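Asker: Sequence first, predicted coordinates after that:
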Amino acid sequence: MKQPNTSKDATADARKAATAVPAKPEPSAAGKGMTQLVLQLLRPYRGWLIIVFAAMLVETAMSLAAPWPLKIIIDNVVSDHKLPDWLAWMHDLPMGENKMGLAAMAAIGIIIIAAVGAVASYIDNYYTESIGQWVANDLRMRVYHHLDRLSLAYYDTHQTGSLLSTITDDVGTIQDFASSAMLTILIDALTIIGILGVMFWLNWDFALIAVGVTPFLLFFVARFKKAVKKATHEVRRRQSDIVAVVQQGLESMKAVEAFGRQDLEESRLEDASRETVNAALKARQVKSLLSPVVSVVVSFCTAFVLWRGAWLIVHVPQLMTVGALTVFLAYLSKFFKPVQDLAKMTNTIAQAAVAMERIRSVLDADTIIPERPGARAPKTLKGQIVFENVAFAYNPESPVLRDVNVSIAPGQRVGFVGPTGGGKSTVVSLIPRFYDPTAGRILIDGVDIRDFTIQGLRTQVGFVLQDTTLFRGTVRANIAYGRPDATESEIIQAAKTANAHEFIAKMPHGYDTMVGERGSTLSGGQRQRIGIARAVVRNSPILILDEPTAALDTESEKLVMEALERLMQGRTVITIAHRLSTIRDAHKIVVLKGGVVAEEGTHDELVTLGGVYAELHRIQTESGPNVVAEATATAGGPPSHH
């Protein structure tokens with residue numbers, strides 16, 4: 001079955017909703033917000049919901065009809081009771097003239113009831129599963145789309161493992177609830193209503209017993225709901241901790257093995273796993289009490305009806321027959337079974353509620369970088385960049401930048417240096433709006449960058465980072481990652497410019513060779529050259545280099561520097577440097593210390609000045625270009641902010 005067109009609309013609506021900056025809900029509005037989210041997710045599938053509801057009505061009707069063929073056999077075939085008035089038409093049929101004919105009709109009735117019920121069950125199960133799958137798909141895409149648009153500040157304070165757990169486990173819980181548990185709950189609710197009506201019609205005083213007990217059962221279930229939900233919340237939190245620990249361990253496996261700390265990582269997982277086991281057992285302790293209590297209460301009701309019905313058959317046969325008692329007991333069992341099922345569903349409902357709360361907490365995150373109304377996509381920029389009184393803090397108590405004023409002319413090469421924690425990485429993160437300044441503004445070509453669309457602004461900025469991130473896929477796809485419409489010739493030319501074509505051509509499948517996760521099958525120099533090729537293909541007028549040769553050997557550094565020299569031609573280039581030799585020929589060097597511009601000038605000017613830069617230069621000249629830690633310590637840099 002194909003997904004309806006409405007699901008595409010739903011995905012588009014989800015993207016619009018995720019892009020908007022949501023206000024944090026008040027606690028009293030949380031339930032309303034969650035209900036609205038559920039309705040938004042279900043709205044595109046209302047046609048399927050109608051089909052499911054109709055099938056459920058038919059299935060419930062067949063469930064109500066199921067005991068009647070047995071009643072006919074007991075009362076009208078085995079015994080000599082008359083058929084009820086509403087079944088008197090059976091005598092008018094050719095088969096209804098004798099008892100065996102009635103028995104045959106009852107047998108055929110069983111088959112018809114089962115067949116119709118089976119078709120209805122297939123339809124509602126299939127369409128409910130379809131709804132569950134597509135709702136999960138829409139929700140998964142909505143959450144991921146929202147995460148894609150959050151500022152990096154959100155990821156500074158949230159564990160990736162916990163977010164991964166939300167987008168997989170929690171969305172999976174919602175999918176299971178929508179495709180299975182919800183169907184059971186709706187069928188049970190319809191069954192309870194239908195059976196209650198039939199029981200009142202059969203024997204109202206017996207029906208009152210069931211009605212009288214039900215409120216107490218529901219009250220008991222409601223009392224348990226909060227405890228079960230709280231326990232479930234703790235279990236999910238502990239499960240997220242396991243995902244976070246495992247993810248960190250697997251991502252850092254090389255460091256773990258290098259330092260021989262497998263025992264430490266295993267002990268961390270053991271602690272997280274043990275806490276999860278304890279939380280799960282506490283939750284089960286609460287959940288396990290519910291079903292037995294309900295079962296005992298139901299048994300008392302069934303025992304009383306059985307005793308009272310037997311007494312009526314013996315002493316007042318005109319009020320109760322064996323067949324009627326059999327039907328009533330069947331209905332009573334069918335009535336309390338959904339009540340028991342709903343009681344057992346408390347755990348499932350709690351899990352779904354907790355999952356929805358966790359998903360909602362992600363969707364309510366308001367750290368999205370806002371776009372101004374009327375923001376426009378920039379045309380090709382010249383690359384003039386001006387920082388005007390810029391300040392920034394990751395948290396208000398610890399400012400990282402204070403009153404930064406820097407002017408960069410189009411085509412200039414500017415280096416940012418300084419002690420660790422001085423704010424170098426933060427400065428360049430503000431240009432593509434990974435973060436927004438807490439004060440001041442940044443202009444590109446005389447326009448406040450907040451007047452540009454975020455996507456449009458970022459297409460004008462290329463990056464070559466210290467550790468190039470490669471994605472699982474082909475070399476070709478990784479080079480074209482920043483510009484998917486790049487042609488084959490453009491990709492190859494970019495690789496040649498980056499000194500990468502030669503080693504790529506020697507790979508088993510050339511540009512179609514698959515690289516491992518994070519580019520693990522390539523050397524550091526090869527990864528950097530692919531990163532440079534990616535920046536060449538993107539062809540952005542502004543280029544940011546974040547110490548791109550810091551982790552390379554001498555031979556690799558030479559190849560990368562040659563490629564960078566070709567890449568930098570005709571662009572505004574901002575370089576974060578620890579090796580001062582890499583920015584010696586820059587048009588301007590900006591020295592950041594303690595979040596402010598301490599010095600500014602060319603290499604020769606700053607060495608002559610005899611300040612922070614001169615001290616860094618002296619240390620690296622005397623001790624070697626790779627001695628960064630000593631230089632940082634001597635310069636007196638504060639702890640790193642980023």
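Answerer: Received, thanks. Numbers count the residues shown, from 1 in each chain.

Asker: count of residues packed around Thr426?
Answerer: Residues lying near Thr426 (other C-beta atoms under 10 Å) number 23. The C-beta positions use only the backbone N, C-alpha and C, and glycine is treated the same way.

Asker: three-state assignment of Arg441?
Answerer: What DSSP: H, G, I helix; E, B strand; the rest coil gives for Arg441 is strand.

Asker: what sits against it?
Answerer: Arg441 sits next to Glu388, Asn389, Val390, Asp448, Ile449, Arg450 when contact means C-beta atoms under 8 Å, 6 or more residues apart in numbering.

Asker: ok, of those, which one's closest to Asp366?
Answerer: Arg450 (17.2 Å; C-beta to C-beta).

Asker: helix, strand or coil for the closest residue to the closest one other than its chain neighbours?
Answerer: Distance criterion C-beta to C-beta, 6 or more residues apart in numbering; nearest residue to Arg450, sequence neighbours excluded, is Arg372 at 5.6 Å. Per three-state DSSP, the secondary structure class of Arg372 is coil.

Asker: My guess is Arg372 contacts Phe452. True?
Answerer: No: using C-beta atoms under 8 Å, Arg372 is not in contact with Phe452; the gap is 9.0 Å.

Asker: Have a look at these two and say which one is more surrounded.
Answerer: Applying other C-beta under 10 Å to Arg372 and Phe452 shows that Phe452 carries more neighbours, namely 23 against 11.

Asker: How about stretch 486-504, which residues are buried there?
Answerer: Residues 486, 490-501, 503-504 are the ones in stretch 486-504 that count as buried (16 or more other C-beta atoms under 10 Å).

Asker: pLDDT of that stretch, averaged?
Answerer: Stretch 486-504 comes out with an average pLDDT of 88.

Asker: residues making contact with it?
Answerer: Outside stretch 486-504, the residues that touch it by C-beta under 8 Å, 6+ apart are 475-476, 479-480, 510-511, 513, 526, 529-530, 532-534, 536-537, 559-560, 562-563, 566-567.

Asker: Narrow those residues to those in helices?
Answerer: 475-476, 479, 526, 529-530, 532-534, 536-537, 559-560, 562-563, 566-567 (DSSP state H).

Asker: Quick one: the contacts of Arg441 as a markdown table, columns for secondary structure too.
Answerer: Shown next, in a markdown table, are the contacts of Arg441 (three-state DSSP):
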| residue | secondary structure |
| --- | --- |
| Glu388 | strand |
| Asn389 | strand |
| Val390 | strand |
| Asp448 | strand |
| Ile449 | helix |
| Arg450 | helix |
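
Asker: among those residues, which ones are buried?
Answerer: Of the contacts of Arg441, these count as buried by 16+ other C-beta under 10 Å: Glu388, Val390, Ile449, Arg450.

Asker: show me the contacts for the last one.
Answerer: The contact partners of Arg450, by C-beta under 8 Å, 6+ apart, come to Arg372, Ala375, Arg433, Asp436, Arg441.

Asker: Which members of those residues are the farthest-apart pair?
Answerer: Going by C-beta to C-beta, the pair spanning these furthest: Ala375 and Arg441, at 14.4 Å.

Asker: Give me the nearest residue to the spatially most central residue of the chain, chain neighbours excluded.
Answerer: With distances taken as C-alpha atoms, centre = their mean, Ile167 lies nearest the centre of the chain, 2.2 Å away. Of all residues not flanking Ile167 in the chain, Val143 sits nearest, at 5.3 Å (C-beta to C-beta, 6+ apart).

Asker: Would it be right to say that the one you found lies in a strand?
Answerer: No: assigned with three-state DSSP, Val143 falls outside any strand and is helix.

Asker: what is the mean pLDDT for stretch 454-467?
Answerer: Stretch 454-467 shows a mean pLDDT of 84.

Asker: just checking, the residue nearest to Ile167 touches Ala365?
Answerer: No: using C-beta under 8 Å, Val143 is not in contact with Ala365, being 10.4 Å away.

Asker: what about those two, which has more around it?
Answerer: Neighbour count, other C-beta under 10 Å: between Val143 and Ala365, Val143 has more, with 22 against 19.

Asker: Dihedrals phi and psi, Gly418?
Answerer: The phi/psi pair for Gly418 (degrees, to the nearest 10) reads phi 150, psi 170.

Asker: which residues of the protein fall in strands?
Answerer: Chain-ordered strands for the chain, with DSSP state E as the definition, fall at 385-395, 398-408, 413-417, 439-444, 447-448, 461-464, 473-474, 514-515, 542-546, 572-576, 588-593, 596-601.

Asker: Select, out of the ones you listed, the one closest to Ile112.
Answerer: Among the strands of the chain, strand 473-474 sits nearest to Ile112 (C-beta to C-beta), with 56.5 Å.

Asker: counting contacts, what elements does that closest one pack onto?
Answerer: Using 3 or more C-beta pairs under 8 Å, 6 or more residues apart in numbering; DSSP states H and E as the contact test, the elements touching strand 473-474 are strand 514-515.

Asker: Could you name the helices and strands sitting against the strand it packs on?
Answerer: Judged by 3+ C-beta pairs under 8 Å, 6+ apart, the packing partners of strand 514-515 are strand 473-474.

Asker: next one: the strand it packs on to chain centre, how far?
Answerer: Centroid displacement of strand 473-474 relative to its chain, using C-alpha atoms, centre = their mean, to the nearest Å, is 24 Å.

Asker: which residues touch it?
Answerer: For strand 473-474, contacts defined as C-beta under 8 Å, 6+ apart pick out Tyr511, Asp512, Thr513, Met514, Val515.

Asker: nearest to Ile313, of those?
Answerer: Ile313 lies nearest to Met514 out of the contacts of strand 473-474, by C-beta to C-beta, at 77.2 Å.

Asker: what pairs with the closest one across the strands?
Answerer: Thr474 (DSSP bridges).

Asker: how close does it sit to Val475?
Answerer: With distances taken as C-beta to C-beta, to the nearest Å, Met514 is found 8 Å from Val475.

Asker: The two: who's more crowded?
Answerer: Val475 (26 against 13).

Asker: pretty sure the more buried one contacts Arg527?
Answerer: No: the criterion here is C-beta under 8 Å, and Val475 misses it with Arg527 at 10.8 Å.

Asker: mind giving me the domain split of this structure?
Answerer: 10-19+26-239+290-363, 371-460+574-642 (automatic domain parsing).

Asker: Dump these to JSON lines, plus distance to Glu555.
Answerer: Output for the domains of the chain, formatted as JSON lines (distance: least, C-beta to C-beta, whole Å):
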{"stretch": "domain 10-19+26-239+290-363", "distance to Glu555": "34"}
{"stretch": "domain 371-460+574-642", "distance to Glu555": "15"}
